[in-house]
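[1] no sequence on this one, just coordinates:
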C-alpha cells in the first residue's frame, strides 16, 4: 500500500502555491476533504522550490490529472467512464495504491468541478517544470487519451493546445504522436530518431546523441521511480531504433 501523499506532503504542496493558483486550489481542496486542517495536521512550511521529491511528484501528478481532466472535458462535461479511465491509467502506470490512489481520485473530482483555465495551468507548469518534464507530461496525456482506444477530435485539439502552451516544439509534438501510433508507422526507425534515410552516417550518430540527451531517464529521475521507468521505455525504443539503423548500414560505433 503506497502512502507517499500524506497530510504533511499535501499541506506543503498546497502551501507552495500563491493564492489564486488553480493547481494549488485543487491540492488545497483535496486537503480539506481528507483532513481536518484546523486540527494542525498540515504543519509543514511551504518548500522553497519543490525540493521534496514527494511534493514535486504530487504537484506533477496534479498537473497531469488536471490537464487530462481538461482534455476529457473538451466536450464540455466529463463522463464518469472517462474519469475512471484517467484514475485507472495514473494509478496503474505509477503504481499508486491505498492513500495515494484515493488522493488521485480526489484530484480528479476537484478538477472536474472547477472551471479550468488552460493558459493559467500551463503557465504554472512551465514555471515549475523543465522541458524534459513537460515532454514527459505530454506523453502521459497522450497515453491516457489513447488508453480507451479512441481520441476524439475535440480531445486532439485540446492536447495540441496544451502542447503549444507548454512550448513543446513541433518536432517533439510529432515525435510523441508517432509514439502513440498517430501520424506514422511505428516500424520507421529513422522517424524515431527524427531523421530521414537520406542522411549520412555521421548525421545518424549526431541525431542519436541528441535524442539520448533529450530523453535520458536521468532527466526525470527526480520525479520518482515510476516516472523514470516510464521514460526508460522511451529510451529503450530510441536505443532499438539506433541499433537497427547501425546494423542496416553497418556503421562503426
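    Here it is on my side, so go on. Predicted model only: the values in this text are computed from it and were never measured.
[2] mind checking the backbone torsions on residue 198?
    Taking degrees, to the nearest 10, you get phi -90, psi -10 for the backbone angles of residue 198.
[3] distance of it from residue 190?
    Distance, residue 198 to residue 190, using Cβ to Cβ, to the nearest Å: 9 Å. No exception for glycine: its C-beta is placed from N, CA and C like everyone else's.
[4] cool, and residue 69?
    Taking Cβ to Cβ as the measure, residue 69 falls 36 Å from residue 190.
[5] neighbour-wise, which of those two wins?
    With neighbours defined as other Cβ atoms under 10 Å, residue 69 and residue 190 compare such that residue 69 has more, 24 against 17.
[6] Could you look up the SS state of the closest residue to the more buried one other than its chain neighbours?
    Nearest non-adjacent residue to residue 69, counting by Cβ to Cβ, 6 or more residues apart in numbering: residue 111, 4.0 Å away. Assigned by DSSP: H, G, I helix; E, B strand; the rest coil, the conformation of residue 111 is helix.
[7] burial measure for residue 111, as a count.
    For residue 111, using other Cβ under 10 Å, the count is 28.
[8] Surely it and residue 71 touch.
    No. Checked against Cβ atoms under 8 Å, the pair residue 111 and residue 71 is beyond contact range at 10.9 Å.
[9] phi, psi of residue 167?
    phi 60, psi 40.
[10] my bad, residue 129
    Main-chain dihedrals, residue 129, degrees, to the nearest 10: phi -130, psi 140.
[11] and if you look at residue 94?
    In terms of degrees, to the nearest 10, the main-chain angles of residue 94 are phi -100, psi 10.
[12] Roughly how far does the closest residue to it other than its chain neighbours sit from residue 92?
    Leaving aside its sequence neighbours, residue 94 sits nearest to residue 226 (Cβ to Cβ, 6+ apart; 4.0 Å). Note on residue 226: its distance to residue 92, by Cβ to Cβ, is 10 Å.
[13] Next: residue 224.
    Going from residue 224 to residue 92 by Cβ to Cβ gives 15 Å.
[14] More neighbours: the two, which one.
    residue 224 (18 against 11).
[15] Check which helix or strand the spatially closest residue to the more buried one that is not a sequence neighbour maps to.
    Leaving aside its sequence neighbours, residue 224 sits nearest to residue 57 (Cβ to Cβ, 6+ apart; 4.8 Å). Secondary structure assignment for residue 57, by DSSP states H and E: helix 53-72.
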